[in-house]
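Colleague: sequence and predicted structure are below.
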Amino acid sequence: MTITATVATRSARLGLRATPEQEAVLRRAAEVAHKSLTDFILDSACQAAEQTLLDQRLFMVSGGQYQAFLDLLDGPSEENEGLRDLFSRTAPWDNS
């Protein structure tokens, strides 16, 4: 999910304060990226926000979904030839 907006659809106003050094870095990066300072800051902030949201470790599920998950964990494991092959090999760092 990537959040994009045209200038015409922007209606929310955000304010922030930066040190002169931070402003200089942001302006230079926006220039290198061929973007306005606003576009650069918004794009960068949205990318960081999306990554933060995707990194959440807590997942909310319904009672039925949770029970289905527990049933999978408690059930018998399935044969996996690829894993059997992988675990039967000597680790590369053990080849001394």
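Modeller: Structure received. Numbering: from 1, shown residues only.
Colleague: switch to C-alpha atoms for all contacts and neighbour counts from now on
Modeller: Noted.
Colleague: where exactly do the helices run in this structure?
Modeller: 20-32, 37-54, 63-74, 81-88 (DSSP state H).
Colleague: quick one: closest of those helices to residue 14.
Modeller: helix 37-54 (9.8 Å; C-alpha to C-alpha).
Colleague: may I have the closest one exported as PDB, CA atoms only?
Modeller: Extracted in PDB, the C-alpha atoms of helix 37-54 (Å, rounded to 0.1, in the frame of the first residue of the first chain):
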ATOM      1  CA  LEU A  37      10.500  19.600  -0.200                       C
ATOM      2  CA  THR A  38       6.900  18.900   0.700                       C
ATOM      3  CA  ASP A  39       6.700  15.900  -1.600                       C
ATOM      4  CA  PHE A  40      10.000  14.500  -0.400                       C
ATOM      5  CA  ILE A  41       9.000  14.900   3.300                       C
ATOM      6  CA  LEU A  42       5.500  13.400   2.800                       C
ATOM      7  CA  ASP A  43       6.800  10.500   0.700                       C
ATOM      8  CA  SER A  44       9.500   9.700   3.200                       C
ATOM      9  CA  ALA A  45       7.200  10.000   6.200                       C
ATOM     10  CA  CYS A  46       4.600   7.800   4.600                       C
ATOM     11  CA  GLN A  47       7.100   5.200   3.700                       C
ATOM     12  CA  ALA A  48       8.400   5.100   7.300                       C
ATOM     13  CA  ALA A  49       4.800   5.100   8.600                       C
ATOM     14  CA  GLU A  50       3.800   2.200   6.400                       C
ATOM     15  CA  GLN A  51       6.900   0.200   7.400                       C
ATOM     16  CA  THR A  52       6.100   0.900  11.100                       C
ATOM     17  CA  LEU A  53       2.600  -0.400  10.600                       C
ATOM     18  CA  LEU A  54       3.700  -3.500   8.700                       C
END
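Colleague: which other helices and strands contact that helix?
Modeller: helix 20-32 (3 or more C-alpha pairs under 8 Å, 6 or more residues apart in numbering; DSSP states H and E).
Colleague: would you indicate which residues of the helix it packs on are buried?
Modeller: 26, 27, 29, 30 (16 or more other C-alpha atoms under 10 Å).
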